[in-house]
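Undergrad: Next come a sequence and a model predicted from it.
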Amino acid sequence: MDARPIGVFDSGVGGLTVLHEILVTLPHEDVIYLGDNARLPYGPRPLDEIRRFAAEIGRYLERQDVKLIVVACNSATAAALPELQLSLSVPVIGVLRPEAHAAVLATRNRRIGLLATQATVASGRYDALVESLDAGAELVAVACPRLVPLIESDDPFGEETAAAVREYAAQLKDAGVDTVILGCTHFPLIRPVLQRVFGRDVTLVFSAEETAREVAETLARKRIENEVEREGSYRFLTTGDPDTFREMGYRFLQLPIGEVEQVDVATLEKAAA
Ligand code: DGL
């Protein structure tokens, strides 16, 4: 038995797609979610800068006495997962591997599309993972810099988002992919827009469920679960504006969101110093 909370982080509200699955799979666990909204978007940044942000947040969450950390951000996973696992004393779970695995299983024509941030595409991590699972599968990657800012805007489901999705999807449709990895935790938040553009014949893959399952298995194997009879709680921290986070978080998570606490970027930087 271990009553410590689980730590989850993302650059913004994208990680709520993962948080939701964790709350449903492990309703007895406590969770702290940190959104680094002050430094969003991560996607256009160099990988070593994202690695530094992830190290700061990982260290900060460790100091909050979490028992496990979920990197609910593909960009941070692509940039920093091994480094976080090496430097932190608690288990660290990322979001790339389950998606690559699910995509290789789902594709019939062995042509897989990837929609992700520039950082994730540039890291080449999905290419390596897909190749390790099926060297004969082809991965067509498209960086989508406009989507994260649109999803975090006042109008995530508007015409501008639909137009951007249509533009990015065209390259994957031309390549004849039958499976598309939503390689950014923000993208499942606009799944209806994506599914309408791709149609029913294309399978959209994202890893929130598998990630939650991996969290559950890790807690069980390491015997660090909380009491199963209890009801867990969850709380939110943001480096951005708490009111904006609460409003967006409520819209996307569709669960009660209480007080959102603000944590300064300087506090995160100090945690890693
Ligand atoms: N949710 C992050 C990801 O999965 C978004 C990155 C960003 O802030 O650009 O990559």
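TA: Ah, there it is.

Undergrad: dump the residue contacts of Cys144.
TA: Going by Cβ atoms under 8 Å, 6 or more residues apart in numbering, Cys144 touches 115-117, 164, 168, 184, 187. To be clear about C-beta, it is placed using only N, CA and C from the backbone, and glycine gets the same treatment.

Undergrad: right, I mislabeled it, should have said Glu259
TA: Listed by Cβ under 8 Å, 6+ apart, the contact partners of Glu259 are 235-236, 242.

Undergrad: How about the backbone phi and psi for the residue sitting furthest away from the middle of the chain?
TA: Distance from the centre of the chain peaks at Glu229, with 28.3 Å (Cα atoms, centre = their mean). Glu229 adopts backbone torsions of phi -80, psi -20, taken as degrees, to the nearest 10.

Undergrad: ok so, going back, please check the contacts of Glu259 and keep the buried ones.
TA: With neighbours counted by 16 or more other Cβ atoms under 10 Å, the contacts of Glu259 contain buried members at 236, 242.

Undergrad: Adding distance to the ligand and pLDDT, write the contacts of Glu259 out as CSV.
TA: Formatted as CSV, these follow (distance: Cβ to the nearest ligand atom, whole Å; pLDDT from 0 to 100):
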residue, distance to the ligand, pLDDT
Arg235, 20, 97
Phe236, 16, 98
Pro242, 18, 98
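
Undergrad: Near the ligand, which residues of the stretch 1-150 of the chain are found?
TA: For the stretch 1-150 of the chain, the contact set with the ligand under Cβ under 6 Å from any ligand atom comprises 10-12, 14, 40-43, 73-75, 117, 120, 148.

Undergrad: Please list the members of those that lie in helices.
TA: Using DSSP state H, 74-75, 120, 148 are the members of these that sit in helices.

Undergrad: Make a PyMOL selection of the buried ones in the residues you listed.
TA: Here is the PyMOL command that selects only those of these that count as buried (16+ other Cβ under 10 Å):
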select buried, resi 74+75+120+148
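
Undergrad: List the contacts of the residue nearest to Gln262 when sequence neighbours are not counted.
TA: In space, and not counting its chain neighbours, Gln262 is closest to Pro242: 5.2 Å by Cβ to Cβ, 6 or more residues apart in numbering. Pro242 is in contact with 259-262, counting by Cβ under 8 Å, 6+ apart.
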